[in-house]
Each structure stands twice: as structure tokens, then as C-alpha cells.
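Colleague: predicted model, plus sequence, below.
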Amino acid sequence: MKKSVLSARAGIAGASAFALVALGVSFGATGAVAEPIDPTFAANSGTIDIETDFDPGFLIEVTSEVPGLEDQYNTATAVTDDEGVASFQNFAGPVTVDFVGYPTRSSGGSDPIPSDSPDSSASDTESNSNIVAFSAPEPATAAIWRGKEVTFEYTGGQLQLVGEAPTVAAPDSEELDTLVPIAVYSFSPSTYIAGTPFDLSFSGITNITTGEVIDGIDVSNYGYSAPTLIGTSSITAGSFAFTVPAAFTTDPHTLVSFDSFGRVITGIELDGGVTAPPVTTPAVDTAPPAPVLANTGSADAVPFGLIALGTLVLGGMAFAITGVLRRREASVD
């Protein structure tokens, strides 16, 4: 009989030059106005098209959480085209959309406020401003799905998804290594018996960017190397659990849980087993020696995983941001 060890997933985004050990993270982030400088931006992002009734040239901003970075947000900007549509690429997940206004023309003149926009009587601006003064609509919320393009229609002060929400397929092993987990968490147990199913529990699941405990979302649990759906779970107050089938406990495997936007919520690795020492014939009335558990570094060390994960994700990350990176504002100044 063998005992095996669980550890925090170490390979996700770990192939990049920037170092992060447990659940490694590293990539460049850009706004929609610039080309991504690292393929991991594309891997962790999607496209949103916003349909409006605004005239061409209306400036809109879409702000999303930067996965794996505490209190950091990425803002992509675009202006409406002749059809009133603006398109953005940004990180997957919930987003805030700010409707800014009409930038002035380079010649010094200003675009007129269309008759159907708020406060159409406002047509002038202060000399030190490049935005036409008018009463901008309130910010609205929308969402981006990893690797997908979706359309939201702006109507009645709200953004409504056009059509059904897309389903994001689980990535293959190569793409998995470019995804950035959005949370820190604890898990148990730290060991398991090889060849036997066991219950895997997660707790304290906290969004790194917002600092909020994740609650009320569903996740899909996959086993790797080839992505195999194990089942789905619901996160309640930062906790969920699922049963790991025996097929994943005999060899090294990776277990990853994704939310509906295709973001990595949790990830761990199973080591595939550590051979127990042979059991000697016990003396009369003497119990056989217990199998030796795999050593994770020292006999009294905390198993590698959550303490290391939380420390490294929050404190050991190097990140290249070349787009517009800022803390999200509740409203436009």
C-alpha cells in the first residue's frame, strides 16, 4: 500500500520567465489599444463588443481584475464606430464599463453631443479638458469569457448579453500552463492512499485581486494530463469539495477547477505515490509498522501547499503591465 502527497499546482503559467512557484503566474497585460506583449494575456482574456446608440467616437472604458495581483485592475479603452459599437480585449471575468464621453478632435474642435444622448444641451468643455462636458451615463456591469467573443447591448442604462452565455472548454495541458489562478485557498487532506478514491476539500478560497471570499459560484473540476471532467461543485462561503476517482491516484496528475468564465479557481498536483517500506512479520500481539508517509521536506514541516501558495502569489510575483493599469474607480471623474 502506498501513501501519496498533494501539493499546490506548480505548473500553471510557470513556463514564463517571471518566477512564481506554487500556482505560478506571469504575463504581460495590455489595454485594447495595444497588442499583447505576452501570449498569456491572450490565454487569460476574451473579447467583448458593446452595442450602443451613441454616435461614432464615444469613448468607453472596460475594467477587469488582473488575475493574481492584489488590488490591481486593467482598463481597456475604445471608441464607438459608425454603428455605435466598441470592441475590447481584456481579462476574463466580471467587468465594469464606464461611458466616458466624446474626446475633442485633434484640430481643437469638439464632436457634437447627439440629440439622443444624456444632457444634449452641453456642448462645450473647459480649455484644460479633452472630454466634452456632459452628464455621462452611470457605469454598468458586464462579463468576459476566456477565449470567447461576446456582445452586450446597452439599453435602458443596463448592459444585456446578446444570446446565450458561452461555454468555455477546458484547456489542454499546454494552454493550462499559461493560465493564471485568481484565488488563494487551503485544501485537505495532504496525503492519500494510492489507488483509492478520496474526498478533496478546499476552504478559505479568496479572490487575490479583490480580497473577497468567493461565494455562490459553480466550478467544473478537471483531471489532467488530458482534460477529463470529474464533476461540478458549488463554492459556498469559500469552500467546496469533490471526490477524486481512483483513476487519478495511481500516477501523477493535476486537478484544476474552473469557473464559468474559464478562470482557474484552484489547482493541485498529485504526486502519483510514494512506496511504503515493506511490512515485516510482526511479533505476537504486536501491530505491523505503519506505512511511512511521503516526506515533503522535513518530518515536522507543514505540507507544501497553502501557506506557500498564499505567500508567493501575493508577494513573489513579477508582472509586466504595459496597458492602462489602475485601481477601478466607482464612477468617472
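Modeller: Perfect, thanks for sending it.

Colleague: strands of the stretch 151-300 of the chain, residue ranges please.
Modeller: Secondary structure of the stretch 151-300 of the chain by DSSP state E, counting those that start in this stretch: the strands cover 158-161, 183-188, 191-193, 198-207, 217-224, 228-235, 240-244, 253-258, 264-270, 274-275.

Colleague: for the chain, give me the ranges with low pLDDT.
Modeller: Within the chain, the stretches with pLDDT under 70 are 1-38, 104-134, 273-333.

Colleague: got the domain ranges for it?
Modeller: Partitioning the chain according to automatic domain parsing yields domains covering residues 2-26+169-320, 28-167.

Colleague: now the strands of the stretch 151-300 of the chain in JSON lines, with mean neighbour count?
Modeller: Using the backbone N, CA and C atoms, a C-beta is placed for each residue, glycine as well. Rendered in JSON lines, the data for those read as follows (neighbours: other CB atoms under 10 Å):
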{"stretch": "strand 158-161", "mean neighbour count": "16"}
{"stretch": "strand 183-188", "mean neighbour count": "22"}
{"stretch": "strand 191-193", "mean neighbour count": "19"}
{"stretch": "strand 198-207", "mean neighbour count": "18"}
{"stretch": "strand 217-224", "mean neighbour count": "19"}
{"stretch": "strand 228-235", "mean neighbour count": "15"}
{"stretch": "strand 240-244", "mean neighbour count": "17"}
{"stretch": "strand 253-258", "mean neighbour count": "23"}
{"stretch": "strand 264-270", "mean neighbour count": "24"}
{"stretch": "strand 274-275", "mean neighbour count": "14"}
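
Colleague: and those as TSV, adding distance to E138?
Modeller: Shown next, in TSV, are the strands of the stretch 151-300 of the chain (distance: least, CB to CB, whole Å):
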stretch	distance to E138
strand 158-161	10
strand 183-188	29
strand 191-193	51
strand 198-207	24
strand 217-224	25
strand 228-235	30
strand 240-244	34
strand 253-258	32
strand 264-270	30
strand 274-275	57
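
Colleague: ok, and the closest non-adjacent residue to F152?
Modeller: If you skip the residues right next to it in sequence, F152 has L159 as its closest partner in space, 4.3 Å away by CB to CB, 6 or more residues apart in numbering.

Colleague: same thing with Y224?
Modeller: Nearest non-adjacent residue to Y224, counting by CB to CB, 6+ apart: T254, 4.1 Å away.

Colleague: pretty sure that neighbour is touching T266, no?
Modeller: No. In this structure T254 lies outside contact range of T266 using CB atoms under 8 Å: 11.1 Å.

Colleague: CA atoms only: put stretch 86-106 into PDB for me.
Modeller: Taking only C-alpha atoms (Å, rounded to 0.1, in the frame of the first residue of the first chain), the coordinates of stretch 86-106 have been written out as PDB:
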ATOM      1  CA  ALA A  86     -16.900  49.400 -29.400                       C
ATOM      2  CA  SER A  87     -14.800  46.300 -29.000                       C
ATOM      3  CA  PHE A  88     -12.300  45.400 -26.300                       C
ATOM      4  CA  GLN A  89     -10.000  42.700 -25.300                       C
ATOM      5  CA  ASN A  90      -9.400  42.300 -21.500                       C
ATOM      6  CA  PHE A  91      -9.100  39.700 -18.800                       C
ATOM      7  CA  ALA A  92     -11.900  37.200 -18.300                       C
ATOM      8  CA  GLY A  93     -14.500  37.600 -15.500                       C
ATOM      9  CA  PRO A  94     -16.900  40.300 -14.400                       C
ATOM     10  CA  VAL A  95     -16.100  43.800 -15.800                       C
ATOM     11  CA  THR A  96     -17.100  47.400 -15.100                       C
ATOM     12  CA  VAL A  97     -18.000  49.500 -18.100                       C
ATOM     13  CA  ASP A  98     -17.600  53.300 -17.900                       C
ATOM     14  CA  PHE A  99     -19.200  55.500 -20.500                       C
ATOM     15  CA  VAL A 100     -16.800  58.400 -20.700                       C
ATOM     16  CA  GLY A 101     -17.800  60.800 -23.400                       C
ATOM     17  CA  TYR A 102     -16.700  62.300 -26.700                       C
ATOM     18  CA  PRO A 103     -13.000  63.200 -27.000                       C
ATOM     19  CA  THR A 104     -12.200  66.500 -28.800                       C
ATOM     20  CA  ARG A 105     -10.900  66.500 -32.300                       C
ATOM     21  CA  SER A 106      -7.200  66.900 -32.800                       C
END
